[in-house]
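S.K.: got a sequence here, can you build the structure:
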Amino acid sequence: MAQAKLPDEQPAAAAKSLSERVTSEFANMNAVRGMNNQMAPMMLLLASYVGTMIMSMNMTQSSMALVAAGIGRWRLFAARNLINAAAAVFVSLIGSSLLIMLGGQAEHSFLMLWGFQSLFVLSFILLSQLCLLLFG
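M.R.: Numbering: from 1, shown residues only. Down below sits the predicted model:
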């Protein structure tokens, strides 16, 4: 604007009118109260995935030792799936209980939270074990 040799008042007026054109309007659909409730879902997911990766590595080492000892592969597969389901239910029970006991915000009941967390923990377990079974 200075290169266009305009008077000092004209750029100031243009800047004021341009800043008034941009406004914001927020419509919160899912109100979250507090920073702890914003971070809890991410931390539950992150801790669950890292924990299941460690569990899968330990399960793979144990399985290799049992195969070497003469246990059949299908019997071992059934035992692994039973352990996976039990671990998903137990781990998600602990995570959901801690979330509720520490004052976390839950939109639905405890059982729905526990069930949903059980499903994603089980899917993390199966995904990480699939990768280890396929790639070693």
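
S.K.: pLDDT weak spots in this structure?
M.R.: By pLDDT under 70, the weakly predicted segments of the chain are 1-9, 11, 17-22.

S.K.: so which helix or strand takes in the spatially most central residue of it?
M.R.: With distances taken as Cα atoms, centre = their mean, L45 lies nearest the centre of the chain, 2.7 Å away. Element membership for L45 (DSSP states H and E) is helix 35-68.

S.K.: right, and L122 touches N81 too?
M.R.: No. L122 lies out of contact with N81 (Cβ atoms under 8 Å); the separation is 9.9 Å. The way it works is simple: take the backbone N, C-alpha and C, and place the C-beta from them, glycine included.

S.K.: between the two, which is the more surrounded one?
M.R.: Counted by other Cβ atoms under 10 Å, L122 and N81 do not tie: L122 has more neighbours, with 20 against 14.

S.K.: how close does that one sit to F116?
M.R.: From L122 across to F116, the span is 11 Å (Cβ to Cβ, to the nearest Å).

S.K.: returning to that earlier point: the residue nearest to the centre of the chain and V121 touch, don't they?
M.R.: No. Counting by Cβ under 8 Å, L45 does not reach V121; the two are 9.5 Å apart.

S.K.: what's the local residue count around the residue lying closest to L99 once chain neighbours are set aside?
M.R.: Once flanking residues are discounted, L99 sits nearest to A40: 5.9 Å by Cβ to Cβ, 6 or more residues apart in numbering. Around A40 there are 19 other residues, counting by other Cβ under 10 Å.

S.K.: got it, and the one 3 residues further on?
M.R.: The criterion is other Cβ under 10 Å. On that basis, M43 has 12 neighbouring residues.

S.K.: so who does L122 touch?
M.R.: Neighbouring residues of L122 by Cβ atoms under 8 Å, 6 or more residues apart in numbering: N84, A85, A88.
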